[in-house]
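Peer 1: pasting the structure only:
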């Protein structure tokens, strides 16, 4: 077989048989097993045309979609002719996909930037500092709540262990009041110690 008569995808004669497709792909130099091709057919990656047959167009689409690589033509020559056309098509498609991905990434960056500027997003480090500040406020508030409430607890139960539930109820109500206050969107400030013994103000909403 000469370079002028070597098998190409466009030379495929429409057929309803998967076996004919497999034979033609292999004659074009594509290394594909029978089980792989039949699995792709079952998965819908290779479909018949409107006439109920596989066509050259469907073969070309299938090769592009699954990324089938043609390493050598049937006559032992390097991938050329139709194979070269396929490579060009695949390169053009990959370039288009890369451009689309680039545009989408740029659009996503712009969206996130707009979200941040609108105050709907904050940086990860700022979020961690915000959570740390609130944890400090909760811890301090809880300790203060216990100190303030304990006298009421002792007075309420008169040291009677049988009145434990009443003591717990008092503490729970105090806790609920503290959490409700914490949940407000008021601004407060928390001081964090730095390694250099300095102080850093962290505001929380």
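Peer 2: Right, received. Where do you want to start? As the structure is a prediction and not an experimental result, all values here were calculated from the model.
Peer 1: how many neighbouring residues does residue 28 have?
Peer 2: 26 (other CB atoms under 10 Å). Glycine gets a C-beta too; all of them are placed from N, C-alpha and C.
Peer 1: the closest residue in space to it that isn't next to it in sequence in helix, strand or coil?
Peer 2: Of all residues not flanking residue 28 in the chain, residue 7 sits nearest, at 5.1 Å (CB to CB, 6 or more residues apart in numbering). Following DSSP: H, G, I helix; E, B strand; the rest coil, residue 7 is assigned to coil.
Peer 1: wait, residue 7 sits on residue 27?
Peer 2: Yes: applying CB atoms under 8 Å, one finds residue 7 in contact with residue 27, separated by 4.3 Å.
Peer 1: any idea how far the residue nearest to residue 28 lies from residue 63?
Peer 2: Distance from residue 7 to residue 63, counting by CB to CB, to the nearest Å: 13 Å.
Peer 1: now do the strands in this protein.
Peer 2: Secondary structure of the chain (DSSP state E): strands at 188-193, 199-204.
Peer 1: the residue nearest to residue 28 and residue 25: what is the separation?
Peer 2: Applying CB to CB, the value for residue 7 to residue 25 is 9 Å.
Peer 1: of residue 7 and residue 27, which one has the most company?
Peer 2: residue 7 (20 against 16).
Peer 1: which residues sit against stretch 115-126?
Peer 2: Identification of contacts with stretch 115-126 by CB atoms under 8 Å, 6 or more residues apart in numbering yields 112, 130.
Peer 1: residues of it that come out buried?
Peer 2: For stretch 115-126, the neighbour count (16 or more other CB atoms under 10 Å) marks no residue as buried.
Peer 1: measure it end to end?
Peer 2: Start-to-end span of stretch 115-126 (CA to CA, to the nearest Å) is 15 Å.
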